[in-house]
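# Model the structure of this input:
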Amino acid sequence: MSTISPMQVKELRELTGAGMMECKKALVEANGDMQLAIDNMRKSGQAKAAKRAGKITAEGAIVVALSDNKTRACMLEVNCETDFVARDTNFIAFSEKLAQAGLQANAQDIAVLLTPALESDRQALVLKIGENIQPRRVATVSATGCVNFYLHGGRIGVLVALDKNNPELAKDIAMHVAATNPLAVDASGLSPAVLEKEREIITAQAQTSGKPANIIEKMVEGRLQKFVQEVCLVHQPFVKNPDQLVQDLLKAAQTKVLSFMRFSVGEGIEKQTTDFAAEVEATIRGS
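Numbering: from 1, shown residues only. Predicted coordinates:
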């Protein structure tokens, strides 16, 4: 059995809102597997939900390059070691240069984007700044209608493609996606694995009610439909006008969302951290 650290307990508590003891017990039972602990806590009703986004611990910036006719855009995440460097003008300039190159090359892969010339620029910047700088991911989106973007503090970026030429609406939808982080445009975009996992959790929750199987089945279907409404873009209340659903906004404009892409700095990356207080506590206990 793996040792459960105070930092793991703290993280699980932040993700689930459950008590410290419940979090520690769940981690022990899951042998330190954070996601398994969250799933088990949801099944037992100890956690109503958990943040879907991965741990955001790496530093860096999201940058976007948009074509003049607003039918194509390239979004890029570039990582560095500190927030200070992420705001450095040389770092930002290099990142924007990469995004422009990605737009020209219709890039979808960092390995293809980093030409010998751009790699030479990256190495020169590393020497100048004194930190490791790594372009992490890139996406280029095109549409016959329009593409637009929204950047939130350089840490969250969203591209939205519409089937009609309405850049202002595309930007508003991108702002909404930045705020709500939907999983898909509509139910057809949800993966079977996501739906099956949610069904499993909802079923485990419903079974604790003690109701007959036929009632539980209806409860599960109802809650699953509610989940779909919550995580699909078109069914969400529009952030700039919560009285209006996104699908109604799109209908009024006689357009539809073809796709969206959302990047958040450091999403899914775990950076090594040192908790001095926890280390001292562990040392004292050990002695």
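# Show me which helix runs longest in the protein.
helix 213-231 (DSSP state H).
# helices or strands up against it?
helix 192-207 (3 or more C-beta pairs under 8 Å, 6 or more residues apart in numbering; DSSP states H and E). (C-beta placed from N, C-alpha, C; glycine too.)
# I'd like the average pLDDT over the helix it packs on.
Mean pLDDT, helix 192-207: 90.
# Would you mark the buried spots in it?
Going by neighbour count (16 or more other C-beta atoms under 10 Å), the buried part of helix 192-207 is Val194, Glu198, Ile201, Ile202, Thr203, Ala204, Gln205, Ala206.
# can you check stretch 252-260 too?
Thr255, Lys256, Val257, Leu258, Ser259, Phe260.
# how far does it stretch from start to finish?
End-to-end distance of stretch 252-260 (C-alpha to C-alpha, to the nearest Å): 20 Å.
# Give me the residues contacting that stretch.
141, 143, 145, 158-164, 166, 169, 173-174, 177, 182, 185, 233-234, 250 (C-beta atoms under 8 Å, 6 or more residues apart in numbering).
# again, only this time at 10 Å
139, 141-147, 158-166, 168-170, 172-174, 176-178, 182, 184-186, 189, 233-234, 244, 246-247, 249-250 (C-beta atoms under 10 Å, 6 or more residues apart in numbering).
# In the chain, where is pLDDT below threshold?
In the predicted model of the chain, residues 1-2, 47-57, 270-287 satisfy pLDDT under 70.
# And the strands in it, which stretches?
Applying DSSP state E to the chain gives strands spanning 59-66, 72-80, 134-142, 146-152, 156-162, 237-238, 241-245, 257-264.
# what domains does the record give for this protein?
What automatic domain parsing lists as the domains of the chain is 1-51, 59-186+250-264.
# sorry, back to before: helices - which of the contacts of stretch 252-260 land there?
Of these, the ones assigned to helices by DSSP H are 168-170, 172-174, 176-178, 246-247, 249-250.
# Include neighbour count and distance to Lys226 when you put those residues into JSON lines, please.
Shown next, in JSON lines, are these (neighbours: other C-beta atoms under 10 Å; distance: C-beta to C-beta, whole Å):
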{"residue": "Glu168", "neighbour count": "10", "distance to Lys226": "31"}
{"residue": "Leu169", "neighbour count": "20", "distance to Lys226": "27"}
{"residue": "Ala170", "neighbour count": "28", "distance to Lys226": "28"}
{"residue": "Asp172", "neighbour count": "21", "distance to Lys226": "25"}
{"residue": "Ile173", "neighbour count": "28", "distance to Lys226": "22"}
{"residue": "Ala174", "neighbour count": "27", "distance to Lys226": "25"}
{"residue": "His176", "neighbour count": "23", "distance to Lys226": "20"}
{"residue": "Val177", "neighbour count": "24", "distance to Lys226": "20"}
{"residue": "Ala178", "neighbour count": "22", "distance to Lys226": "23"}
{"residue": "Val246", "neighbour count": "24", "distance to Lys226": "17"}
{"residue": "Gln247", "neighbour count": "18", "distance to Lys226": "16"}
{"residue": "Leu249", "neighbour count": "18", "distance to Lys226": "21"}
{"residue": "Leu250", "neighbour count": "21", "distance to Lys226": "21"}
